[in-house]
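1. build me a model:
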Amino acid sequence: MRSWRSLIVTVALLLGAAFVTAWPAGPVAAAENEPPANQESSPRLADRLFRVEWTAGASGQGQTRIIGYVYNESDHDAENVQIRISELDASGRTVRSVIKPMGDPVPAAGRAFFDLQVPSTSPSYQVQVESFGFLDNPWMTKGTEQLLAAAGFEMKIADTPEKLANLSTLTPRRTLIPQKRDNQLYYVYADPDLCKCLYVGTSTQYEQALQKSYASDQSIAVGQQVNALAWELWAPWPWF
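-> Residues are numbered from 1 along each chain as shown. Model prediction:
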């Protein structure tokens with residue numbers, strides 16, 4: 001039986017082949033984002049820092065297999081990388097999407113292989129990095145937290161065993177995540193490793209943090225959803 005490493009090497013080599021049987025021929029695409037029609041904005045941070053090359057093929061039982069590489073064009077190793085795979089219709093609009101953890105870290109100025117399956121057989125897909133975190137540089141983490149504090153984010157220390165336990169289960173870590181509570185939009189940043197705390201801000205403070213990050217050319221990882229947040233443990237929440 002082949003080892004998993006051997007399987008990865010074998011599948012990775014397929015990326016340079018023609019996929020004449022189970023894998024249809026087609027270009028290896030670099031994922032790109034289009035901003036909403038009513039929004040003019042610069043590319044997402046993830047799109048500025050990462051490039052994705054991939055190809056797709058049917059794997060049976062209504063599944064599609066997506067294999068490829070994520071290229072990290074930043075100066076820091078990236079971990080907790082999650083990939084969004086979107087199914088597109090004939091006009092190029094997103095029909096549905098799923099977010100999958102990549103698993104392996106992506107080294108700075110390097111690449112990492114991924115092999116994922118999605119429950120669909122669409123003729124067209126879009127693949128992009130959805131969220132990520134930088135773990136190799138504690139100074140960068142401290143810089144991000146100082147930036148959040150300067151933008152008005154409130155730091156909540158995990159000062160009870162319950163808070164510490166909840167903080168340790170939150171994923172992704174050191175990533176700014178939008179969360180709705182009582183019809184209000186908050187942004188939550190969890191750091192269970194260095195400060196053992198949460199940073200919580202309003203949408204206004206989030207915009208201020210983004211402006212400060214652009215002005216200082218400092219990266220802030222932004223994602224989609226934080227898991228297992230126990231709201232009642234961390235009350236009270238900031239007022240709007």
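2. check which element follows the helix-or-strand element of the chain with minimal mean pLDDT along the chain.
-> Least confident helix or strand of the chain, by mean pLDDT, DSSP states H and E, is strand 29-30 with a mean of 32. Per DSSP states H and E, strand 29-30 leads on to helix 45-49 as the next helix or strand towards the C-terminus.
3. which strands or helices does that following helix pack on?
-> When contacts are defined as 3 or more C-beta pairs under 8 Å, 6 or more residues apart in numbering; DSSP states H and E, helix 45-49 packs onto strand 125-134. Glycine gets a C-beta too; all of them are placed from N, C-alpha and C.
4. what lines up beside the strand it packs on in the sheet?
-> Sheet pairing here is set by DSSP bridges, and for strand 125-134 it gives strand 78-88 (antiparallel).
5. now the helix or strand that the strand it pairs with is followed by, how far from the centre of its chain.
-> Next along the chain after strand 78-88, taking DSSP H and E as the criterion, comes strand 94-101. Remark: strand 94-101 is offset 12 Å from the chain centroid, using C-alpha atoms, centre = their mean, to the nearest Å.
6. packing partners for the following helix or strand past strand 94-101?
-> Next along the chain after strand 94-101, taking DSSP H and E as the criterion, comes strand 110-118. Secondary-structure packing of strand 110-118 (3+ C-beta pairs under 8 Å, 6+ apart): helix 4-14, strand 63-72, strand 78-88, strand 94-101.
7. let me have these in JSON lines, extended by mean neighbour count, mean pLDDT and distance to Pro119.
-> Conversion of these to JSON lines gives the following (neighbours: other C-beta atoms under 10 Å; pLDDT from 0 to 100; distance: least, C-beta to C-beta, whole Å):
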{"stretch": "helix 4-14", "mean neighbour count": "11", "mean pLDDT": "38", "distance to Pro119": "20"}
{"stretch": "strand 63-72", "mean neighbour count": "19", "mean pLDDT": "95", "distance to Pro119": "6"}
{"stretch": "strand 78-88", "mean neighbour count": "21", "mean pLDDT": "88", "distance to Pro119": "10"}
{"stretch": "strand 94-101", "mean neighbour count": "14", "mean pLDDT": "90", "distance to Pro119": "8"}
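8. cheers, nothing more for now.
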